[in-house]
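In: my questions concern the predicted model and sequence given below.
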Amino acid sequence: MPELGRAALIVCLGLAVYAVAAGAFAAWKHRRRLAESAENAILASFGAALVAAGVLLVALVQKDFGFVYVYEHSSLELPRSYSISAFWGGQEGSLLLWLLILTGFSALAVVLGRRSAHSLLAWTVPVLGGVILFFSLLLVAVASPFATQAAQADGLGLNPSLQNPYMLAHPPMLYLGFVGLTIPFAFAMGALLARRSDELWVVVTRRWTLVAWTFLGFGQLLGAHWAYVEVGWGGYFAWDPVENAALMPWLAATAFLHSVMIQEKRGMLKIWNVLLVVGAFALALFGTFLTRSGILSSIHSFTEGSIGPWFLGFIGIVVAGSTALIVSRLPLLRSKTRLESPISREATFLYNNLLLVAFCLTILWGVVYPILTEAVRGEPVTVGPPYYNFFLNAFGLPLLLLMGIGPLIAWRRASLRGLGRTFVWPLGIALTTGLALLALGAGSSLPGLIGYTFCAFVLASIGLEFARGTRARHALSGGSWLQAFSDLVGRNRRRYGGYVVHASIVLLAIGIIGSSAYDTTREQRLRTGESMDVGAYTLTYRGATQERGANAMELRALVDVERAGDHLGTMRPGKNSYFAEQQVSNEAAIRSDRRSGEDLFLIAEQIGRDQVFLKVLVKPLVNLIWIAGFVFLGGALIALWPDAREQRRLALRYGGREALSRA
Amino acid sequence: MARRASPARLVVALGVAAMLAVFLVYTAIAGGTPQLRPSELNGRTGEVALIGKVVGRVSGDARGSGLRFRLRDVEGTAAVPVVYRGSVPDLFRSGRDISLRGELRNGTFVGEPGTLVTKCPSKYTDKKQT
């Protein structure tokens, strides 16, 4: 069996070499049949990766401890579903998952590209082949998942923090996002290598970027929820290097999704867009490198493996190669049109891009700061959450405001008088909200108050857009209001899907602001029968219980919760002591209030029969963050849904069959 | 080339300038925390982040008088006594690599509450070594 896996990886490597060499030669000499065979090599590489992944999966499910990887990442008592998550529980398996998704996406891009953008594929295939080559080389030569040993009776088990339903979904989602960014990168490079100056690559890759971006965004929220519910320290994001590693490509991709609209509509920002695509891909590689190299001290860094230098080398090649290519193709990338006014839709997109990229770069700066200072001063200096929070406020608040301005402002040139008319309602609503919140005592946090005022502004302007559009459609076609509304969204999926995503970001902002700027934290030792007050809640310690669970001893503190005289129930924060892994884990108790979206979060330490040390957090509106995840997904789906009218329009623009059906 | 003064360039230039300004303001008011190993500490005062391995017996009470232990260079022999009050991560125990912020006072490193972080143990290396 391991031989089959190893052979499949070697075949995959060979196919990738062929796709690069034959593909590049065919594209250079315009050999059509050779180019098709290089495309087929990409398709076949997916088959090979599938076989390799199948071998590892079977070994994991059958608990074949003759595989070093299976021995190190599972055990006899590990449930089957977590045997599957052990696939990405370690370095070699994660890399194999990368390769599997990469070849799968590449094959799909080839199949779809043959129908919609065949002329672009010629130079795209060798680029895809190059990335596949790197990952299969790593798996063949450096980090093989198919190393064997004398079979062992039992394995070492899986890290308990990975034995969790979230870990079945969160890592693969992030990988789907990371790897998905390869496809836009490959098409952009393919277009440049072919010396094309048109927008076809942008049109072809929009959905790919959107899909990758959606997975990346939703995957991060899943991770945040996991941290909140399972890790039990009362937070959901800690600006840890590995968390930042996933956030950076997402920010770059967000900037790209916005700026391509300018290129599509006005033929501007061509160089910028290529840079963003390269940046997003390089940051995705950098993220994998950070997670896997152990170069930075992070609570997540898994191994101090040998693949670090390889990744760094590959990132270097990607950045240097694409920069050289962009520089050599600069004349092709000149804009056809120019920005006419700093007050226009284009300009707000530009501001939005500058802010997103600035935020992304400051995060990158913070992440590499210890490495840089160590190189310069000989002593690593780290920056903590205050650094990131400062820039979240400095760049995030203006971004929030722009989200309300952008959709309402006219293309090309907006008049100040027109602006006044457009914004009178949103401005009025925002000011009223701000004043009302101030009266309610929200002035305790200035960024919080500003943030909420901006949130009201954005929601009002989104609402106004929907209302105006629906009214216009109703006037045009009659029928019911509901019909007019669904027509409106159905005919402009990209636009209104985008607004729904904007609304989800506002919900996210409301949740983040509420739970970080207006939270309450108290710590106190309580004897049995003693009470403490936190916010509107009164908590009383009622003693401890201990029960033997399936795989852990479960110690719980019993805490009665009251609010305004009403008994709300008994919460049971505590600790689990796992038998097999000999680890203790904190089991926080969370009570969510459905109406207000507020959480009461309890952490119990030093639980004894007659006393306990309680840490209590009250987090207003925190549940909006999780709701935002689903709204985000809904908006992304609306924007992704195939749109026949748009395809006809693009077909007219790019002529003939090329754009009739797109990737 | 009469249209050299494009608003786009102006906007970009202003944007970059504004960004730099914000950056300078920030680094002027805050700055980072140096990250040190116990061996590099020798008498240094001021806040630092200390990284090392917990060695010996862990005594005391993190919620009372303070948790007491010694922190040694991950690869080395220099060690420093540490006292820490505040929440302690689940994975904390002797033999684990940790990081915490704080400062040296009278030869003892006094940790700031809530800054003790255990590094994810490289999976089961303890078991593998035995």
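Out: Yes, it's here.

In: ramachandran angles for residue 12?
Out: Here I'm looking at chain A. phi -60, psi -40 (degrees, to the nearest 10).

In: actually chain B
Out: phi -60, psi -50.

In: give me the contacts around stretch A:411-426.
Out: A:265-266, A:340-341, A:343-346, A:404-405, A:408-410, A:457-458, A:460-461, A:464 (CB atoms under 8 Å, 6 or more residues apart in numbering or on different chains). All C-beta spots, glycine's among them, are computed from the backbone N, C-alpha and C.

In: can you select the buried ones among those residues for me in ChimeraX?
Out: In ChimeraX, a selection of the buried entries from the contacts of stretch A:411-426 looks like this (16 or more other CB atoms under 10 Å in any protein chain shown):
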select /A:266,340,343,344,345,346,404,405,408,409,457,458,460,461,464
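
In: low-confidence regions, chain B specifically.
Out: Chain B contains residues with pLDDT under 70 at B:1-8, B:24-31, B:119-130.

In: rerun at 90
Out: B:1-53, B:56-66, B:73-78, B:85-101, B:105-107, B:112-130 (pLDDT under 90).

In: would you point out which residue is most central in it?
Out: residue B:49 (3.2 Å; CA atoms, centre = their mean).

In: can I see the domain layout of the chain?
Out: Picked chain A for this. What automatic domain parsing lists as the domains of chain A is A:1-163, A:520-619.

In: chain B, not that one
Out: Domain ranges of chain B: B:1-31, B:35-129, per automatic domain parsing.

In: want to throw those domains into CSV with distance to chain A?
Out: Shown next, in CSV, are the domains of chain B (distance: least, CB to the nearest CB, whole Å):
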stretch, distance to chain A
domain B:1-31, 4
domain B:35-129, 4
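
In: which among those domains is found nearest to residue A:61?
Out: With CB to CB as the criterion, residue A:61 lies closest to domain B:35-129 of the domains of chain B, at 20.1 Å.

In: ok, residue A:572 - contacts?
Out: A:545, A:556, A:557, A:558, A:559, A:589.

In: is it true that the last one touches residue A:573?
Out: If I follow you right, that is residue A:589. Yes - between residue A:589 and residue A:573 there is a contact at 3.9 Å, judged by CB atoms under 8 Å.

In: residues shared between the contacts of those two?
Out: A:559, A:602, A:604.

In: how close does whatever residue of the stretch 201-350 of chain A ends up closest to chain B get to residue A:495?
Out: Taking CB to the nearest CB, chain B has its nearest neighbour within the stretch 201-350 of chain A at residue A:339, 4.0 Å off. Remark: distance between residue A:339 and residue A:495 (CB to CB, to the nearest Å) = 21 Å.

In: more crowded one of those two?
Out: residue A:339 (24 against 16; other CB atoms under 10 Å in any protein chain shown).

In: identify the residues contacting stretch A:484-503?
Out: A:403, A:407, A:458-459, A:462, A:465-466, A:469-471, A:473-474, A:477, A:631-632, A:634-641, A:643, A:645-646.

In: show me which of those are buried.
Out: Among those, those that count as buried by neighbour count (16+ other CB under 10 Å) are A:403, A:407, A:458-459, A:462, A:465-466, A:469-470, A:473-474, A:631-632, A:635-636, A:638-640, A:643.
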